[in-house]
Every structure is written in C-alpha cells, then in structure tokens.
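Q: sequence and predicted structure are below.
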Amino acid sequence: MKTFVCECGNTIFYENTRCVCCGSELGWCPSCTRMTSLRLEKDGHRRCGNSDCNVLLMKCSNYSEHHVCNHCVPVSSEAERPEGLCDYCDFNDTIPDLTVAGNREMWKRLEEAKRRLLYTLDLLRLPYGKKSDGVLPRLNFDFKADAVGKPDQWWWSLGKEERVFTGHADGKITINLREADTVEREKARVLFQEAHRTVIGHFRHEIAHYYWEMLVKGKAESEFKAVFGDHENPTYAECQSKYYKKGPVANWQSSFVSGYAAMHPWEDFAETFATYLDMVSVLDTAMNMNISPSCNPVQTELAEMVSHYIKLGVLLNEMNRAMGLIDYVPEILVSPVVVKMQYIHDLLRNAAEPLPAASPPTETPT
Ligand SMILES: [Zn+2]
Ligand SMILES: [Zn+2]
Ligand SMILES: [Zn+2]
Ligand SMILES: [Zn+2]
C-alpha cells in the first residue's frame with residue numbers, strides 16, 4: 001500500500017476520511033486512483049483535490065450514509081449506479097443488521113479489510129467477476145452475524161443452525177461478523193493454536209477458494225494434484241473429520257505454512273495463497289516506503305520476491321519482539337512451501353490482465 005499527500009502537504013493513509021492537519025474531507029478517487037482531499041461544490045458534489053485530475057465525484061453511499069467506506073464514484077456514472085455504491089461496495093450482497101448496537105463498527109472493519117484485499121487483486125491485475133464484465137463466478141460478499149439469543153455464548157459452541165460459517169461457495173464469500181470483534185477473534189486464535197488470526201487473513205484465505213473455482217476446477221486439476229496432492233481421495237469430509245478429531249499431522253512445519261493447511265489440498269492451497277497475498281502486500285508496502293527494492297508482483301520472479309520477504313520477515317519479527325508483539329511473519333518458507341507458492345504465482349500471472357504495452361522510446365536528437 002502507498003501513502004498519499006493531502007492538498008495541505010500532510011501525509012494521508014488509505015483508511016482516512018479526514019485530514020488531521022487541515023480538516024479536509026478525504027476519499028478515494030477512482031479516476032486518479034489515489035486518496036485525495038474532497039472539495040465540496042455548491043450542488044453537494046465533491047471535486048477531486050488532485051489538481052491533475054479535478055474530476056467531479058460523489059461519495060459512495062456506504063460512505064455518506066454509514067461511514068463504513070471512504071471511496072467515491074464519478075458523478076458521470078450516476079445513471080449506471082442508482083444505489084450510489086462504489087466499485088468495491090457493489091460486491092456486497094448482504095450487510096449486517098444495523099439496528100443491532102456495535103454491528104456498524106464491526107462491518108466497518110470488514111470493509112477496510114475487503115478494500116485492502118481488492119486493492120491487492122487490482123495490483124496483481126486479476127479478474128474477479130464484476131457484475132458487468134462477465135467473469136464467472138461472480139464475486140459477492142455476505143457479512144452476517146450469528147442468529148443467537150445468548151450473546152455470551154462462544155461461537156464455536158453454537159448449534160449449526162445458529163451459526164454463520166465463514167467460507168466460500170460459488171463466488172460468495174461469507175464472513176461471520178464476530179471475526180471483526182478483536183477479543184473474540186483472539187480467543188479463537190488461541191483456541192485453534194493459530195500464529196495469526198486477522199480479518200484481512202480471512203479474506204485472503206477465502207478469495208483463494210474463489211480462484212480455485214475460477215482457475216483450477218475442471219480446467220487444470222491434474223496439475224494441481226501434482227503439486228498439492230489428490231483433493232478427491234480421501235474426500236474433504238473425511239479429512240475434515242480426521243482433523244477435528246486428531247488435530248494437525250505431526251511435523252506439518254516441514255511441508256505446510258500452517259497446521260490447517262495440512263488438513264486437505266484445498267486448505268493447503270488457500271493457506272499458501274493467503275501467505276502469497278500477505279507477501280505481495282508487504283513487499284508492495286515496503287517498496288512504497290523505500291525500505292525494500294522495487295518488487296512489482298506482476299514483473300518480479302518468485303525467487304526474488306521470496307528472498308526479499310524472508311529478509312523483511314526477520315527484520316519485522318525482531319521489531320515486533322522488541323515491542324512485545326507476536327511475530328509479524330510467522331510462516332517459515334521451506335522449499336516444499338516455495339514450490340506451492342511458485343504454482344500459485346504462475347497460476348495468477350497467467351490469469352492476470354497483461355500490462356499495457358510500453359510506449360516506444362522517444363528518439364533523442366544526436
Ligand atoms: Zn490536509
Ligand atoms: Zn482524482
Ligand atoms: Zn463504497
Ligand atoms: Zn478454507
């Protein structure tokens with residue numbers, strides 16, 4: 001992720017909605033693809049504060065009505081967007097019940113993570129089933145809370161019919177709203193012995209299942225089996241029941257990024273894919289902060305990315321330990337894991353929209 005600059009010269013960040021220095025309202029401009037100050041016009045519209053862009057904007061309705069988004073929509077697209085939602089909010093099929101106290105704040109955290117996920121997919125130039133572009137399956141999100149009358153009951157002890165399961169099916173990513181509750185999420189992390197449990201991590205894991213369905217299912221399953229193992233035998237249900245009875249296989253660290261990855265090839269793919277997206281996002285941020293060399297994920301070889309990420313991981317882990325925090329990069333990228341990351345890297349690169357052709361070099365008079 002990049003940082004941006006307000007008209008007043010102050011540094012602004014991707015999640016901001018107001019400049020702490022000059023008080024300007026801020027938002028994401030889809031025309032110049034950056035965070036910018038928003039100049040209020042007489043008719044209530046906004047104008048992009050980037051003088052090279054200056055486009056007329058309106059705030060996404062999830063920004064103006066609910067303050068869970070900070071993206072804008074060009075006024076010129078008003079007719080095609082009767083609901084006034086931005087590109088990213090347009091993927092929501094179900095939003096939480098906003099009459100329940102606390103739900104809006106948790107929804108906001110889910111939206112922040114979702115925007116970062118989609119930003120990374122755009123960075124990788126990946127297709128993801130927008131309503132208009134005909135890519136299947138169409139991506140959509142359900143953000144829902146458990147149907148419970150006893151809020152003190154822990155989510156993992158609820159009956160099946162009362163629970164919302166975080167997961168993916170046919171393009172729909174469902175996230176249980178409780179994943180945005182920091183205390184509950186940390187309790188679940190400790191219970192399931194996970195190195196990390198984050199909202200963005202859930203999105204990165206579930207989008208992997210979405211891409212498996214889009215890019216592998218019925219198209220390249222034998223190549224997938226050669227790298228991740230047979231996903232049909234034993235079945236997913238058999239593996240899942242074994243995992244929940246006995247826990248992860250011993251010594252999973254020698255071939256997998258997590259104990260859960262060792263459960264079934266689909267989960268191995270999703271966990272490794274999430275690690276790959278972590279790496280892309282961290283390297284992009286490090287590059288934009290000038291602490292790592294240029295590492296464009298659509299042009300750099302995987303070995304180089306992994307090498308930079310390992311170096312950064314050592315640095316960031318030590319920084320976190322100095323502050324008494326858990327490890328920043330807990331995964332150990334052993335060679336069987338790198339082989340799987342290479343498969344994912346190649347799969348995504350083949351699916352990516354090609355980079356625009358470079359303009360021919362201008363001739364310099366001699
Ligand atoms: Zn400012
Ligand atoms: Zn702009
Ligand atoms: Zn929005
Ligand atoms: Zn999964």
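A: Looks like it arrived, so ask away. Ligands and ions are numbered 1, 2, ... in the order given.
Q: buried stuff in stretch 280-294?
A: Using 16 or more other CB atoms under 10 Å as the burial criterion, the residues of stretch 280-294 that qualify are 280-284, 286-287, 292. C-betas here are computed from N, CA, C, even on glycine.
Q: to clarify, my last question referred to stretch 57-75.
A: Within stretch 57-75, the residues that count as buried by 16+ other CB under 10 Å are 57-63, 66, 68-73.
Q: stretch 328-335 too?
A: For stretch 328-335, using 16+ other CB under 10 Å, the buried residues are 328-329, 331, 333.
Q: just stretch 337-350 next, same as before
A: By 16+ other CB under 10 Å, the buried positions in stretch 337-350 come out as 337-338, 340-345, 347-348.
Q: top helix in the protein by residue count?
A: Longest helix in the chain by number of residues, with DSSP state H as the criterion: helix 265-288.
Q: which helices and strands sit right next to that one?
A: helix 103-123, helix 199-211, helix 221-228, helix 302-322, helix 335-351 (3 or more CB pairs under 8 Å, 6 or more residues apart in numbering; DSSP states H and E).
Q: L38: what secondary structure?
A: Secondary structure, DSSP: H, G, I helix; E, B strand; the rest coil: L38 is strand.
Q: what's opposite it in the beta bridge?
A: Per DSSP bridges, the residues bridged to L38 are C48.
Q: pretty sure it sits against L56.
A: No. The pair formed by L38 and L56 falls short of the contact definition of CB atoms under 8 Å, at 10.7 Å.
Q: which residues are in contact with stretch 193-202?
A: For stretch 193-202, the external contacting residues (CB atoms under 8 Å, 6 or more residues apart in numbering) are 109-110, 112-113, 116-117, 166, 175, 179-180, 185-186, 188-189, 258-260, 274, 278, 326-327, 330-331.
Q: buried residues, it. List them.
A: Neighbour-count burial for stretch 193-202 flags 194, 196-197, 199-202 (criterion: 16+ other CB under 10 Å).
Q: redo those residues as JSON lines? Include pLDDT and distance to K2.
A: Putting the buried residues of stretch 193-202 into JSON lines (pLDDT from 0 to 100; distance: CB to CB, whole Å) gives the following:
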{"residue": "E194", "pLDDT": "91", "distance to K2": "29"}
{"residue": "H196", "pLDDT": "92", "distance to K2": "24"}
{"residue": "R197", "pLDDT": "94", "distance to K2": "27"}
{"residue": "V199", "pLDDT": "97", "distance to K2": "21"}
{"residue": "I200", "pLDDT": "98", "distance to K2": "17"}
{"residue": "G201", "pLDDT": "97", "distance to K2": "21"}
{"residue": "H202", "pLDDT": "97", "distance to K2": "24"}
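Q: could you list every residue that touches D268?
A: Counting by CB under 8 Å, 6+ apart, D268 touches 228-229, 256, 261-262, 340.
Q: at 6 Å what do you get?
A: D268 makes contacts with 228, 261, as judged by CB atoms under 6 Å, 6 or more residues apart in numbering.
Q: check the gap between it and A351 for me.
A: Distance, D268 to A351, using CB to CB, to the nearest Å: 20 Å.
Q: same thing with P137?
A: Using CB to CB, we find P137 at a distance of 14 Å from A351.
Q: quick one: pLDDT of the closest residue to ligand 2 within the stretch 201-350 of the chain?
A: Residue of the stretch 201-350 of the chain nearest ligand 2, by CB to the ion: N288 (18.6 Å). pLDDT for N288: 92.
Q: verify the stated contact: it with F4.
A: No. With contact defined as CB atoms under 6 Å, N288 and F4 do not form a contacting pair (10.3 Å).
Q: whichever residue of the stretch 151-300 of the chain sits closest to ligand 3: neighbour count?
A: Among the residues of the stretch 151-300 of the chain, F203 lies closest to ligand 3, at 15.6 Å counting by CB to the ion. Number of residues near F203 (other CB atoms under 10 Å) recorded here: 25.
Q: which one is it nearest to, not counting chain neighbours?
A: Distances taken as CB to CB, 6 or more residues apart in numbering put L117 closest to F203, at 4.2 Å, once the chain neighbours are dropped.
Q: correct me, but that neighbour touches E206?
A: No. L117 is beyond contact range of E206, at 9.2 Å (criterion: CB under 6 Å).
Q: on the three-state scheme, H168 is what?
A: strand.
Q: gap between the residue nearest to the spatial centre of the chain and R109?
A: For the chain, the residue whose C-alpha lies nearest the mean C-alpha position (CA atoms, centre = their mean) is L117; its distance is 2.1 Å. Distance from L117 to R109, counting by CB to CB: 13 Å.
Q: same thing with L283?
A: Here L283 is placed at a distance of 24 Å from R109 (CB to CB).
Q: looking at the helices and strands packed on helix 265-288, which is nearest to ligand 1?
A: With CB to the ion as the criterion, ligand 1 lies closest to helix 103-123 of those, at 20.8 Å.
Q: got the angle for the closest one vs helix 199-211?
A: Here helix 103-123 runs at an angle of 50 degrees relative to helix 199-211 (axes from the mean of the first three to the mean of the last three CA atoms, to 10 degrees).
Q: flag every buried residue along helix 103-123.
A: For helix 103-123, by 16+ other CB under 10 Å, it's 103-104, 106-121, 123.
Q: and what of stretch 250-267?
A: Residues 252, 255-267 are the ones in stretch 250-267 that count as buried (16+ other CB under 10 Å).
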